[in-house]
Each structure stands twice: as structure tokens, then as C-alpha cells.
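Undergrad: Sequence plus the predicted model coming up.
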Amino acid sequence: MNIKNAKFEISAVNPKQYPKNNLPEIVLVGKSNVGKSSFINTMLNRKKLARTSSEPGKTRQINFYNIDNIFYFVDLPGYGYSKMSKAEQLKVGNFIEEYLFNRKEISLVIFLIDIRHNPTENDKLMYNYIIKSGLPCIILANKADKIAITKVDETTKKLQKQLNPIRDIETLPFSSERRIYEKQIWDILEKYINEI
């Protein structure tokens with residue numbers, strides 16, 4: 001896809017703030033610091049459109065990025081950040097749930113996990129949550145540059161077996177550094193973007 005005008009549009013915590021133009025939304029979920037912002041920047045060939053942070057848990061709102069007025073990348077707050085207070089975790093969890101279960105424009109959920117580690121309990125909870133929502137989903141084993149390239153496919157399959165044993169959800173590697181997986185991901189995204 002040839003992107004000409006990608007821009008951050010709004011941060012939201014309730015439906016009144018969501019965009020009203022009915023464009024399809026590609027939603028990114030994953031634990032804090034798994035690389036959602038880097039994924040957005042890489043796919044759009046932009047360095048700083050989505051702010052990356054060395055401090056996990058910084059994103060506490062739903063961030064909407066308008067891509068050529070064709071679709072949105074939607075970055076949800078990361079989970080599993082222990083320094084967020086229980087009250088903040090509950091508040092963030094509530095507006096994430098409201099968004100995922102009620103937003104009609106969601107076209108696809110991209111669930112990012114870290115290829116270097118077995119899925120955490122929080123990853124498994126989020127996976128089950130996505131399944132429960134009934135939303136289309138793909139799983140990306142991110143940070144594939146952090147392991148030997150010869151082990152990427154084998155490790156991705158192992159993670160899929162742990163998280164999605166019936167293997168009905170496409171599971172692919174990704175790396176913002178290597179940038180060798182982009183076309184395959186864009187091919188998938190374009191199918192979902194064009195469905196709405």
C-alpha cells in the first residue's frame with residue numbers, strides 16, 4: 001500500500017471521542033513495551049508518527065492514527081505494567097473492553113507478543129478476551145530480529161502452538177529492524193481494510 005498522508009488524529013477514553021467517519025480500524029493489542037508503536041512506524045515508513053517510549057505503560061488512552069482517510073491504526077494501552085495503580089488499571093480495562101466489544105468499525109485485531117518469551121498469563125488472558133469478542137485476529141511474534149533468523153519460523157510455530165493450539169489464527173513473525181515481513185502483513189491488512 002502506498003501511504004501518502006498518515007497522521008495522529010485523537011486520543012480517546014470514551015465513545016464520544018472516537019472518530020465518526022466509519023473507516024475500518026486495525027487494532028493493535030499487546031503488553032506494554034511489546035512494540036506496537038514501532039510496528040505502526042515501520043508499516044507506514046515513518047520514524048516518529050507513533051511515539052515509542054523506553055518507559056512501559058505510558059500509553060493510557062486509545063490512540064487513533066488516520067491513514068490516508070482509508071483506515072485507522074488504533075493503538076490500545078499495553079497491559080501488564082505493574083506500576084499502574086489498581087484504580088488506573090480498572091479504568092483503562094473498562095474503556096478497552098467498551099471499545100473492543102462495541103466498536104462496529106473494528107476490522108481486524110493484531111495481537112503482538114514477544115517472540116523471545118513464552119506467552120505470559122496476561123497474554124493468554126488477552127488472547128481469550130479477543131476470542132470471546134468474536135473479532136477477526138492475527139498474531140504477530142514481534143522482535144524477530146532479537147533471535148537467530150534460522151530460528152524465527154520454528155519459534156513462531158511454537159508460540160502459536162502454546163497460544164492458539166487449534167491453529168485457526170494466522171501467526172506470523174515481525175521485526176521493525178529487519179523489515180522483511182512487511183509485504184506479507186500488508187497483503188493481509190488490505191483484505192480486511194477493503195471488507196468494510
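TA: Perfect, thanks for sending it.
Undergrad: mind checking how far Ile96 is from Leu189?
TA: Noted for Ile96: a distance of 21 Å to Leu189, by Cβ to Cβ, to the nearest Å. From N, CA and C alone the C-beta is placed, and that goes for glycine too.
Undergrad: go on, Ile115?
TA: On the measure of Cβ to Cβ, Ile115 and Leu189 end up 20 Å apart.
Undergrad: Any stretches of the protein with poor pLDDT?
TA: Low-confidence segments of the chain (pLDDT under 70): 52-59, 81-84, 195-196.
Undergrad: which residues in it form helices?
TA: Along the chain, the segments classed as helices by DSSP state H run 36-44, 86-102, 121-133, 152-163, 182-193.
Undergrad: packing partners for the third one?
TA: For helix 121-133, the helices and strands in contact under the criterion 3 or more Cβ pairs under 8 Å, 6 or more residues apart in numbering; DSSP states H and E are strand 25-30, helix 86-102, strand 106-114, strand 137-142, helix 152-163.
Undergrad: In CSV: the ones you listed, plus mean neighbour count and distance to Met43.
TA: As requested, those are exported to CSV (neighbours: other Cβ atoms under 10 Å; distance: least, Cβ to Cβ, whole Å):
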stretch, mean neighbour count, distance to Met43
strand 25-30, 24, 9
helix 86-102, 14, 21
strand 106-114, 23, 10
strand 137-142, 23, 11
helix 152-163, 17, 18
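Undergrad: What residue in the chain is the furthest from its centre?
TA: In the chain, counting by Cα atoms, centre = their mean, Thr150 sits farthest out from the average C-alpha position, at 25.1 Å.
Undergrad: where does it sit relative to Gly35, distance-wise?
TA: Taken as Cβ to Cβ, the span from Thr150 to Gly35 is 22 Å.
Undergrad: Same question for Tyr127.
TA: In terms of Cβ to Cβ, Tyr127 sits 17 Å off from Gly35.
Undergrad: Excluding sequence neighbours, find me the nearest residue to the residue nearest to the spatial centre of the chain.
TA: Nearest to the geometric centre of the chain sits Leu28, at 1.8 Å (Cα atoms, centre = their mean). The shortest distance from Leu28 to any non-neighbouring residue, by Cβ to Cβ, 6 or more residues apart in numbering, is to Lys36 (4.4 Å).
Undergrad: With Glu182 instead?
TA: Closest to Glu182 by Cβ to Cβ, 6+ apart is Met43, at 6.4 Å.
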